[in-house]
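1. predicted coordinates and the sequence they were generated for:
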Amino acid sequence: MFERLATLPADPILGLMSLFRKDTNPNKVDLGVGVYKDEDGETPVLASVLAAETRLLSRQVTKAYVSPAGNPAFNAAMSSLLLGQSSVLAEGRFAAAQTPGGCGALRVAAELIKVANPSATIWVSDPTWGNHIPLLGNAGLTIRQYPYFDAAASAVDFSAMMSALAEVKAGDLVLLHGCCHNPTGADLSPEQWRQVAALALEVGFTPFVDMAYQGFADDLDADAYGLRYLVEHLPEVVVAASCSKNFGVYRDRVGLVGLLAANAGSANAALTHMQSIARGIYSMPPDHGAAVVAEVLTDAQLRALWEGEVAEMRGRINGLRETISAAMRTRLGSNRFDFVQRQKGMFSFLGLSEAEVLRLRGDYSIYMLNSSRASISGFSSANLDYVCDAIASVVSA
């Protein structure tokens, strides 16, 4: 039967990575990969994570399974990181389970939604992270898009977004990026979050927050403002969180799926379904990465070290944004690229045409997605002038 299978086209990001690896140009630059890179182009193991791993390995006495819900200390610590001192935690209204990465959290959430309301539609921003639609849609749910980004202004088109969400049906879900919108870098302001919460209450849709980059925009608490406001003002909120970026544990696959319910009874019922869903997909989550994150978050010394490391990564990205904007202003004599400084997180749309992106790739070995989504941490002091010169060349041609 397998001879009937046709070869699928390469995933855009994975295909780009393959082209980059094959490129022999010593000046090649990768702005496509979605992982944090330091000044040397490496994705480092954080010192806080390494210290936690050393402690864990020294005292580990078993490799027995954890439960389908995962590490209880991780679930509690991550819930507090996301929600702060919210009373819903003490009230038992927030159900949470460890998952294999943020992707696992999204998929478990989608399966839970399908059980609770098979006719629900999940609305995602246009554009959104490329894997949102397959992860959620492959669970059998209907996916629709709402307008989000004004390409001409390189900013959130909030008016169009709110007009579209006003037409969403009660019982549907609206996927929102908690901070550092991927791929645009354009985030909602606190006032806009408050308006979304009011509309959700009025219309009856449930916010579904993907928190993949907490700590990479302004700080750990400020980046969670939108999520926390929703939790304090709405009866139900779905959350998918990833530890890949802010802990640097990409390959360890550490995530959390969470649900705010109207009462503790509903939250407990939801948790039983989360565990049943996990059992039917991957049975048990991996242990190591979640145990490391729990160790970091629950030890005062390691937590302080980690928060400093997150601030350092954030500071590098925000500093690069300022430098890129200034460099392009100098080269073009215009403020065309000033939006890069205003945006948040690891990614920005650079506002280039596909032809300009392909010219950067062909003539300069600079790799980014055809949409011109660029990974900001792929810039460095060694390549920034080269990349900015190349961009200025293709947009001026």
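-> Cool, got the structure. Numbers count the residues shown, from 1 in each chain.
2. alpha carbons only for contacts and neighbour counts from here, please
-> Will do.
3. what are the buried residues along the top helix by length along the chain?
-> Selection of the longest helix in the chain by residue count, based on DSSP state H, yields helix 300-332. Buried positions in helix 300-332, judged by neighbour count with 16 or more other C-alpha atoms under 10 Å: 302-303, 305-307, 309-311, 313-314, 316-318, 320-321, 323-329, 332.
4. mean confidence (pLDDT) on it, please.
-> Averaging pLDDT along helix 300-332 yields 98.
5. that one: what's the following helix or strand?
-> In the C-terminal direction, the helix or strand that comes right after helix 300-332 (DSSP states H and E) is helix 339-342.
6. partner strands of the helix or strand just after that next one, parallel or antiparallel?
-> Following helix 339-342 in sequence order, the next helix or strand is strand 347-349 (DSSP H and E). Each strand paired with strand 347-349, and its direction, by DSSP bridges: strand 373-375 (antiparallel).
7. show residues contacting the strand it pairs with.
-> The contact list for strand 373-375, computed with C-alpha atoms under 8 Å, 6 or more residues apart in numbering, reads 31, 32, 33, 34, 183, 184, 346, 347, 348, 349, 350, 368.
8. chain center to it: distance?
-> 14 Å (C-alpha atoms, centre = their mean, to the nearest Å).
9. re the thing from before, who are the packing partners of the longest helix of the chain?
-> helix 47-59, helix 244-247, helix 288-298, helix 339-342, helix 384-396 (3 or more C-alpha pairs under 8 Å, 6 or more residues apart in numbering; DSSP states H and E).
10. buried ones among the contacts of strand 373-375?
-> When the contacts of strand 373-375 are checked for burial by 16+ other C-alpha under 10 Å, the buried set is 31, 32, 33, 34, 183, 184, 346, 347, 348, 349, 350, 368.
11. spatially nearest residue to the fourth one (excluding sequence neighbours)?
-> Taking C-alpha to C-alpha, 6 or more residues apart in numbering as the measure, residue 34 lies nearest to residue 375, with 6.5 Å between them; neighbours along the chain are not counted.
12. show me what counts as buried in stretch 268-287.
-> 268, 270-271, 273-278, 283-287.
13. mark which of those are part of helices, please.
-> Per DSSP H, the buried residues of stretch 268-287 map to helices at 268, 270, 271, 273, 274, 275, 276, 277, 278.
14. got a markdown table for those residues, with distance to residue 363 and pLDDT too?
-> Written out in a markdown table, the entries for those read as follows (distance: C-alpha to C-alpha, whole Å; pLDDT from 0 to 100):
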| residue | distance to residue 363 | pLDDT |
| --- | --- | --- |
| 268 | 57 | 98 |
| 270 | 53 | 98 |
| 271 | 53 | 98 |
| 273 | 53 | 98 |
| 274 | 50 | 98 |
| 275 | 51 | 98 |
| 276 | 52 | 97 |
| 277 | 49 | 98 |
| 278 | 47 | 97 |
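15. okay, those residues in CSV with distance to residue 231 next?
-> Shown next, in CSV, are these (distance: C-alpha to C-alpha, whole Å):
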residue, distance to residue 231
268, 17
270, 16
271, 17
273, 21
274, 19
275, 22
276, 25
277, 24
278, 24
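16. how about those, which pair is most distant?
-> 268 and 278 (15.4 Å; C-alpha to C-alpha).
17. CA atoms only for stretch 388-396, dumped as PDB, please.
-> Provided in PDB are the C-alpha atoms of stretch 388-396 (Å, rounded to 0.1, in the frame of the first residue of the first chain):
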ATOM      1  CA  CYS A 388      22.000  45.600   5.900                       C
ATOM      2  CA  ASP A 389      24.100  46.500   2.800                       C
ATOM      3  CA  ALA A 390      22.500  43.600   0.900                       C
ATOM      4  CA  ILE A 391      19.000  44.600   1.900                       C
ATOM      5  CA  ALA A 392      19.600  48.200   1.000                       C
ATOM      6  CA  SER A 393      20.900  47.000  -2.400                       C
ATOM      7  CA  VAL A 394      17.900  44.900  -3.200                       C
ATOM      8  CA  VAL A 395      15.300  47.500  -2.100                       C
ATOM      9  CA  SER A 396      17.100  50.300  -4.000                       C
END
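18. end-to-end on stretch 95-105?
-> 13 Å (C-alpha to C-alpha, to the nearest Å).
19. mind checking how far it is from the chain centre?
-> 13 Å.
20. show me the contact partners of it.
-> Taking C-alpha under 8 Å, 6+ apart as the rule, stretch 95-105 contacts 68-71, 74-76, 79, 108, 135, 212, 240-244, 250, 252-261, 267-268, 270-271, 274-275, 285-286, 290.
21. let me see the contact set for residue 17.
-> Here residue 17 is in contact with 32, 33 (C-alpha under 8 Å, 6+ apart).
22. distance of it from residue 367?
-> From residue 17 to residue 367 the distance is 8 Å (C-alpha to C-alpha).
23. what do these two both touch?
-> The contact lists of residue 17 and residue 367 share residue 32, where a contact means C-alpha under 8 Å, 6+ apart.
24. quick check: domain ranges of the protein?
-> According to automatic domain parsing, the chain comprises the domains 11-44+313-396, 65-298.
25. ok, which of the ones you listed comes nearest residue 5?
-> That would be, of those and by C-alpha to C-alpha, domain 11-44+313-396, which comes in at 17.0 Å.
26. ends of the closest one, how far apart?
-> With C-alpha to C-alpha, one end of domain 11-44+313-396 sits 31 Å from the other.
27. also stretch 372-392?
-> First-to-last residue span, stretch 372-392, C-alpha to C-alpha: 14 Å.
28. same thing with stretch 178-188?
-> 9 Å.
29. fine, thanks again, bye for now.
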